[in-house]
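>>> how would this look folded up:
(one chain, ligands or ions: 3)
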Amino acid sequence: MTELLTAAQMRAIEQAAIESGKVTGLELMERAGQGVVEAIFEEWPELQSGNRKAVVLCGPGNNGGDGFVVARLLNEREWEVEVFLYGNADKLPPDAKANYERWVELGEVQSIEDFQRPLGWTASVYVDAMFGTGLSRPIGDLHNQLWEVFDADAGLPRLVAVDTPSGVCSDCGFVLREGTKERLPAPLPNHVFESQLTVTFHSPKVGHYLSDGEASCGKVIVKDIGLPRDNNMLPKEKGVVKLASPIIHGKRGVNHKYAHGHALVLSGTHGSTGAARLAARGALRIGAGLVTLGSPRSAMLENAANLTAVMLKQIDGALGLTEVLEDMRFNAVCLGPGLGVRADTQALVLTVLKANRPTVLDADALTRFSANPDVLFGLLHKDCVITPHGGEFTKLFPDIAEKLAAPATTGPAYSKVDAAREAATRAGCVVLFKGPDTVIADPDGRCSINSAQYDRAAPWLATAGSGDVLAGFISGLMARGFPPMAAAETGAWLHVECARKFGPGLIAEDLAEQLPAVFRDLGL
Ligand SMILES: NC(=O)C1=CN([C@@H]2O[C@H](COP(=O)(O)OP(=O)(O)OC[C@H]3O[C@@H](n4cnc5c(N)ncnc54)[C@H](O)[C@@H]3O)[C@@H](O)[C@H]2O)[C@@H](O)CC1
Ligand SMILES: Nc1ncnc2c1ncn2[C@@H]1O[C@H](COP(=O)(O)OP(=O)(O)O)[C@@H](O)[C@H]1O
Ligand SMILES: [K+]
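Residues are numbered from 1 along each chain as shown. Ligands and ions are numbered 1, 2, ... in the order given. Model (predicted):
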């Protein structure tokens, strides 16, 4: 499982390694520079021959230090290298200064102000080593200058970011900016300052996978620089964020259908039943032994006409639900998709939560509590998963959403990970905060990102009803006995795999139908 680090965690690992005497900062910087050069030639083997010219932009900290190493190593390969420095060489930190001094024996260092838009790209590769994990404030004018130079209109050059694209906060993935009311997306229209490759060290950083990280990074390559993989060195207050991966096994052991659980999905009223059926089919395909759709009387006919393997049971209101839940074989409940936001939705949610069953709440089951989220938080328990998209999240956690939407002016800035973690603590259950960068947080501190980005991009998931299927996946896994966090991570991961398996043209109905092929690929 891939661990994603914050700037503070990375610094702690680096410092502990240096203090242990096993490695020096200078050695780490040399390996970082070597890693960048290796990655460049691995990514673009054609650069082994042809135009051997590079431009390296160095900043005032150790990210700049990595840049001087890159310049020297390319020079050793007989490349012509132009180096530009942002800031004052006398103020460079010691390791960066040492590498600056090694470079000035080989070549010139010009001021960044002299780095202008070339007439056509004269170099084969441009290296952005201005700011990395130490970015603490917006880079303002410099950003504007670079955006002009690396304007998409000029055709994109091979631009390689060292550790992070400069200006992007490595914890939250947003570009730090001053004076804007909202966080702006990184690439403003017609002002694309977009790396093609980002080479980071030891582990990817959280910001590479959040918000605009993907748009700015292009592709992330991780290079080992010999740091120990010992998490005891990490600050203890927050756990490490991971990239979600599936924790799934086939149907093993006892083969009776009840051994794999019985999920109950509640349907909306007449005319609003499709969402719950999508969820129910998802729960069945993901392996729940049985799935029953609980339908109000008004929708029985409509549901019956559209169901086969999923069973149907009439459930009218909270009273009807209480009776049904006396059957303890219903070991996971999903409600929200298409349920409506009337008062009886609130009564159904409260009934389910009081029954203390593994429960997934989505869509209307969340929206219904916009005016009184504390009532919901008072009843949610550790066997629940809530799955808000951005709008639902804002309604339930308005203060947290406001912090996330506020301008990211100082680094490290408040991130979607921070928001999901805060929400999970408040709700007292697993929160799955949707998006291409879905963040899943457990109140016990565990947190993961299910990334539908880079080589897992799944833009076709942005289609009506796909969230309903996800709620069904998670409840089906909970019926199979998966704990809430594992069910949420695995469900979200499989959801993206299904979308990728189907590809363009995907609609919500297709998602669950890809599960057999995805399971086969996993060897289940
Ligand atoms: N942490 C590690 O283990 C390693 C770090 N290395 C490199 O070191 C980088 C981190 O170095 P630093 O902590 O020195 O930080 P950076 O080099 O990212 O930049 C921070 C420097 O810029 C200043 N600064 C921050 N925002 C600014 C702004 N908007 N305008 C002007 N100045 C600003 C800071 O005061 C500081 O001097 C990493 O990204 C990586 O590239 C590598 O050398 C290898 C190992
Ligand atoms: N651009 C995207 N790339 C990948 N996944 C996405 C994208 N947009 C949305 N999704 C995913 O699609 C699902 C949409 O859910 P939701 O917003 O609840 O839709 P609905 O209510 O129509 O079912 C979520 O799992 C979300 O993470
Ligand atoms: K950089």
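>>> any low-confidence regions in the stretch 101-250 of the chain?
117-120, 151-155, 179-193, 231-237 (pLDDT under 70).
>>> Which helix or strand contains the one residue in the stretch 151-300 of the chain that gets nearest to ligand 2?
Among all residues of the stretch 151-300 of the chain, Ala275 sits closest to ligand 2, at 7.1 Å; criterion: Cβ to the nearest ligand atom. The C-beta positions use only the backbone N, C-alpha and C, and glycine is treated the same way. For Ala275, the enclosing helix or strand under DSSP states H and E is helix 274-285.
>>> Excluding covalently adjacent residues, which one is nearest to the most centrally placed residue in the chain?
Geometric centre of the chain, nearest residue: Asp437, 3.3 Å, by Cα atoms, centre = their mean. Closest residue to Asp437 apart from its sequence neighbours, by Cβ to Cβ, 6 or more residues apart in numbering: Leu210 at 5.0 Å.
>>> Repeat that for Leu293.
Distances taken as Cβ to Cβ, 6+ apart place Ala280 nearest to Leu293, at 4.9 Å, with adjacent residues excluded.
>>> ok, the closest residue to ligand 1 within the stretch 301-450 of the chain - contacts?
Going by Cβ to the nearest ligand atom, ligand 1 is nearest to Gly411 of the stretch 301-450 of the chain, at 7.0 Å. By Cβ atoms under 8 Å, 6 or more residues apart in numbering, Gly411 lies in contact with Ala7, Leu135, Ser136, Arg137, Cys169, Ser170, Asp171, Leu176.
>>> backbone phi and psi for it, please?
Main-chain dihedrals, Gly411, degrees, to the nearest 10: phi -100, psi 150.
>>> Let's see if you can find the most crowded of the contacts of Gly411.
Each of the contacts of Gly411 was scored for neighbours by other Cβ atoms under 10 Å, and Cys169 scores highest at 30 neighbours.
>>> Pretty sure Cys384 sits against Asn356.
No: using Cβ atoms under 8 Å, Cys384 is not in contact with Asn356, being 9.7 Å away.
>>> which of those two has more neighbours?
Counted by other Cβ under 10 Å, Cys384 and Asn356 do not tie: Cys384 has more neighbours, with 24 against 13.
>>> For that one, give me phi and psi.
phi -110, psi 150.
>>> residues near the closest residue to it other than its chain neighbours, how many?
Nearest non-adjacent residue to Cys384, counting by Cβ to Cβ, 6+ apart: Cys429, 3.8 Å away. Counted with other Cβ under 10 Å, the neighbours of Cys429 add up to 26.
>>> gap between Cys429 and Asp364?
Distance, Cys429 to Asp364, by Cβ to Cβ, to the nearest Å: 18 Å.
>>> got the contact list for Ser170?
Contacts of Ser170 (Cβ under 8 Å, 6+ apart): 6-7, 132-133, 135, 163-164, 205-208, 411-412.
>>> Kindly recompute the last result at 6 Å.
With contact set as Cβ atoms under 6 Å, 6 or more residues apart in numbering, Ser170 has these partners: Ala7, Thr133, Thr164, Lys205, Gly207.
>>> what's the closest of those to Val56?
Thr164 (16.0 Å; Cβ to Cβ).
>>> Under a three-state scheme, what state does the closest one occupy?
coil (DSSP: H, G, I helix; E, B strand; the rest coil).
>>> isn't it right next to Gly134, touching?
No: between Thr164 and Gly134 there is no contact under Cβ atoms under 6 Å: 9.9 Å.
>>> These two: which is more packed in?
Taking other Cβ under 10 Å, Thr164 and Gly134 do not tie; Thr164 has more neighbours (30 against 18).
>>> Can you list the buried residues in stretch 328-345?
For stretch 328-345, a neighbour-count test (16 or more other Cβ atoms under 10 Å) marks 330-340, 344-345 as buried.
>>> Out of these, list just those in helices.
With helices defined by DSSP state H, the entries of these inside them are Asp344, Thr345.
>>> and the buried residues of stretch 328-345, which two are the farthest apart?
By the measure Cβ to Cβ, Asn331 and Gly340 form the most distant pair in these, at 25.3 Å.
>>> Where do the strands of the stretch 351-500 of the chain begin and end?
Remark: strands assigned in the stretch 351-500 of the chain by DSSP state E, counting those that start in this stretch are 359-361, 384-386, 430-433, 437-441, 447-451.
>>> starting at the chain centroid, how far to the helix or strand bottoming out on mean pLDDT in the chain?
Every helix and strand of the chain was ranked by mean pLDDT, DSSP states H and E. The lowest is helix 140-149, at a mean of 80. The chain centre lies 27 Å from the centre of helix 140-149; the measure is Cα atoms, centre = their mean, to the nearest Å.
>>> Apart from its neighbours in sequence, what residue is nearest Ala279?
Counting by Cβ to Cβ, 6+ apart, the residue nearest Ala279 is Gly472, at 3.3 Å.
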